[in-house]
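> Kindly return the folded structure for what I paste below:
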Amino acid sequence: MKSSTMGRTRRRTAIAVAAAASVAAGAALLPVTSASAATARSAAPVVDQQTRATFQRLADAVFTDRTDALVDGAPGARKKPLTKGFSGDVKLSAALARSENAALSSLEQRKDRLAALGEKYSKADTTVTLNSARLHGTKAEAEVTETTTLTYKKVRGGEPRNTGFQAHHKLTFTADARGDWQLTGIRNTDTAAGIAVNQPAEPSSGARVARVAADTMPNAPRAATTPNAPANAKNVTTGAYDYKAMVAYADKYWSNYNTDYPNFNGHTAGGDCTNFVSQVLKAGGWKHVPGYVYDYTRWFGNADIQSDSFVGVNEWSWFAQNSKRITSLAYVYQMDVGDVLQMDFNRDGSKDHTMIVTYRSPQGLPYMTYHSSNTHNRSVASIIASDPNSYYYAYRT
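Numbers count the residues shown, from 1 in each chain. The predicted structure is shown next:
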C-alpha cells in the first residue's frame, strides 16, 4: 500500500440482430451474415460464452508469448508467436500486433541482459483465467488473472527451483465493421506493482524533482544497484528474529492471502505490498508498538485495525528507521533473508513498493517475494533489469 500522505472462441462473434433502424437514429450499421450483402441491417455485438472463451485463449497467447521470449534457447529459436494463430473472429488489431512484436523484441533483450548477469530460465508456464467480460456498445472489457512460473536454469549453481507471479490485466476488445473482435488494448491493473519479468517496460518520462521529506520523517539513503557489492555478511541463524519463520510465512501466503488480515489490493492507491511485508516481519518476531494509527512511530496490525506504518510504504520506512529495527544498506546486492527492499518508481521522493528477501543464493544473489503483483522468489537482478530507472532502498532487519 502506497503512503497515504505522499501518494496503492475462435468463432465469429454472435450478432444479435435488432429491428431495422434508421441511420439518423444513430444506430451503427454492421453486416450480420453474408446471406444478404445488399440488405443493410443495424446490429449490436454480443459477448457469448464462446466469445468469452476465445478472449481467454487470446489473452493466454499474449502473455505466454511474452514469457516464452525470456526462456533460454539458441539464437532465433523462439517459436512463432501463438497470437499469430488468431484471425477472423477474434484477433489482435494491427496496431497492437505491432506493439506486441516490439514487446517481444524488448523482452528478448531483457533476456540477454539477465544472461549477462548470470540468470537464465530453462522453461516457463503461463496460464490465464478470465475473471469477467463486460460489453459497452462496440467495446468489450475483459479482466484476467495471469499466473506465470519460470524455472531457473542452473547457471551459477545456487538458484532456487523457480520463480512465479500473479498479475491482473484489463483487455479492451473492439468490434469492427464485420462484427469481428479485435484486441486493441492491454493494461496491468495491479496497484503499485513493479514491472513483472515478462512485462515490457513503459517509456521513461524522465526523472522528476524529488520532494524533500519533513525533518520528522527520516529520509533513507538510496542503495546502489551495482552487482559486485562489497561483502556485508548477516547472521540469519541467531539473533532477535526468526528468519526461517519469515520465509515460511512468505512461502505460504505469497499467492494465498492470510484471511486474518485485510487484503488491500484494489482498494487503495498502493495495494497490499507493505501489509504483506509487515505480516512476514511479524511472523519472524517483530513486536507490535500500539498507539494511534496515524502515528508513524507506532506499528501494529491485525484483522480489525492497522497502523499506517503497517500498511504504508513511506510510513513503514519512517517507523523502521526511527525504531532502529533496520539499518540502511549501501547496495541492494548486500541484502540477505529477511531484509527489505523498497522502490520509488518515478523518482519523486515518495516510495511506491515494498518487498522482502526470501532466499539468497550461495553466490550472493537475493531473491524477493511480494504482493501487488503476487510474486515469489524473483531475483534482484531480474527486478533491476526490468525497472532500471527506479530508485532502490535496501534495509537490513
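
> Glu141: which element?
Element membership for Glu141, per DSSP states H and E: strand 139-152.

> mind listing the helices for this protein?
49-68, 94-116, 243-253, 273-283, 308-311, 313-322, 380-386 (DSSP state H).

> Ok, which of those helices comes nearest Tyr370?
helix 273-283 (5.4 Å; CB to CB). The C-beta positions use only the backbone N, C-alpha and C, and glycine is treated the same way.

> pLDDT (mean, whole number) over that closest one?
Per-region confidence: helix 273-283 scores 97 on mean pLDDT.

> Please apply the same query to stretch 332-342.
pLDDT averaged over stretch 332-342 gives 98.

> Stretch 354-373 too?
pLDDT averaged over stretch 354-373 gives 95.

> Could you give the separation of it from the chain centroid?
In terms of CA atoms, centre = their mean, to the nearest Å, the centre of stretch 354-373 is set 15 Å apart from its chain centre.

> Could you do stretch 86-97 as well?
25 Å.

> wait, what's in contact with the closest residue to Leu104 other than its chain neighbours?
Take Leu104 and drop its neighbours on the chain: the residue closest to it by CB to CB, 6 or more residues apart in numbering is Ala69, 4.7 Å away. Residues in contact with Ala69, defined by CB atoms under 8 Å, 6 or more residues apart in numbering, are 78, 104, 107-108, 111, 198.

> Looking at the residues you listed, which is nearest Thr163?
For the contacts of Ala69, the nearest to Thr163 is Asn198 (11.1 Å; CB to CB).

> In contact with that closest one: list those residues for me.
Listed by CB under 8 Å, 6+ apart, the contact set of Asn198 reads 63, 66-67, 69-70, 107, 126, 148.

> switch the cut-off to 6 Å
66-67 (CB atoms under 6 Å, 6 or more residues apart in numbering).

> Check Val247 too.
Per CB under 6 Å, 6+ apart, neighbours of Val247: Thr358.

> let's go with 7 Å and repeat that
Shown in contact with Val247 (CB atoms under 7 Å, 6 or more residues apart in numbering): 337, 358.

> How about Thr151?
121-124, 161-162.

> would you list every one of the strands in this protein?
15-17, 43-45, 90-92, 121-136, 139-152, 162-175, 181-188, 327-329, 340-344, 353-360, 366-370, 375-379, 391-396 (DSSP state E).

> Report the mean confidence score over the fifth one.
Model confidence over strand 139-152 averages 96 on the pLDDT scale.

> Describe which strands it pairs with in its sheet and in which direction.
Here strand 139-152 has these sheet partners by DSSP bridges: strand 121-136 (antiparallel), strand 162-175 (antiparallel).

> Tabulate the CA atom coordinates of that strand in CSV.
C-alpha atoms of strand 139-152 as CSV (Å, rounded to 0.1, in the frame of the first residue of the first chain):
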residue,chain,number,x,y,z
LYS,A,139,-16.3,-2.5,-27.0
ALA,A,140,-15.8,-5.3,-24.5
GLU,A,141,-13.5,-5.2,-21.4
ALA,A,142,-12.1,-8.4,-20.1
GLU,A,143,-10.4,-8.7,-16.7
VAL,A,144,-8.0,-11.6,-16.4
THR,A,145,-5.5,-13.1,-14.0
GLU,A,146,-2.2,-14.2,-15.3
THR,A,147,-0.2,-16.9,-13.4
THR,A,148,3.3,-17.5,-14.6
THR,A,149,6.1,-19.8,-13.4
LEU,A,150,9.7,-19.7,-14.7
THR,A,151,12.2,-22.4,-13.9
TYR,A,152,15.7,-21.2,-13.2
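
> all numbers from here: first residue = 45
Sure, I'll start numbering at 45, so the last one becomes strand 183-196.

> what angle separates that strand from strand 225-232?
Compare the direction of strand 183-196 with that of strand 225-232 by axes from the mean of the first three to the mean of the last three CA atoms, to 10 degrees and you get 60 degrees.

> Can you point out the buried residues in strand 183-196?
For strand 183-196, burial by neighbour count (16 or more other CB atoms under 10 Å) applies to 184-196.

> now do the last one
With burial defined by 16+ other CB under 10 Å, the residues of strand 435-440 counted as buried are 435-440.

> I'd like those as JSON lines, with distance to His420 and pLDDT appended.
Formatted as JSON lines, these follow (distance: CB to CB, whole Å; pLDDT from 0 to 100):
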{"residue": "Tyr435", "distance to His420": "24", "pLDDT": "97"}
{"residue": "Tyr436", "distance to His420": "20", "pLDDT": "98"}
{"residue": "Tyr437", "distance to His420": "21", "pLDDT": "98"}
{"residue": "Ala438", "distance to His420": "20", "pLDDT": "98"}
{"residue": "Tyr439", "distance to His420": "20", "pLDDT": "98"}
{"residue": "Arg440", "distance to His420": "22", "pLDDT": "98"}
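
> what stretches of the stretch 195-344 of the chain score poorly on pLDDT?
236-238, 246-260, 311-314 (pLDDT under 70).

> Let's see that with 90 instead.
200-201, 220-223, 233-241, 244-263, 272, 282-283, 309-315, 336, 338, 340 (pLDDT under 90).

> Next, count neighbours for the closest residue to Gly310 other than its chain neighbours.
Closest residue to Gly310 in three dimensions, ignoring its sequence neighbours and counting by CB to CB, 6+ apart: Thr235, at 7.0 Å. Neighbour count for Thr235, taken as other CB atoms under 10 Å: 23.

> Is Thr235 in contact with Cys317, as I believe?
No - counting by CB atoms under 7 Å, Thr235 does not reach Cys317; the two are 8.8 Å apart.

> Overlap in contacts, the two.
Shared contacts of Thr235 and Cys317, counting by CB under 7 Å, 6+ apart, come down to Ser416.

> hmm, back to that, show the buried residues in the contacts of Ala113.
Buried, going by 16+ other CB under 10 Å: 122, 148, 151, 155, 242, out of the contacts of Ala113.

> Now do the same contact list for the closest residue to Glu203 other than its chain neighbours.
Closest residue to Glu203 apart from its sequence neighbours, by CB to CB, 6+ apart: Tyr196 at 3.9 Å. Tyr196 makes contact with 165, 203-207 under the criterion CB under 7 Å, 6+ apart.

> Would you mind giving those residues as TSV with distance to Arg178 and neighbour count added?
Output for these, formatted as TSV (distance: CB to CB, whole Å; neighbours: other CB atoms under 10 Å):
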residue	distance to Arg178	neighbour count
Tyr165	35	24
Glu203	41	24
Pro204	39	17
Arg205	38	9
Asn206	34	16
Thr207	33	25
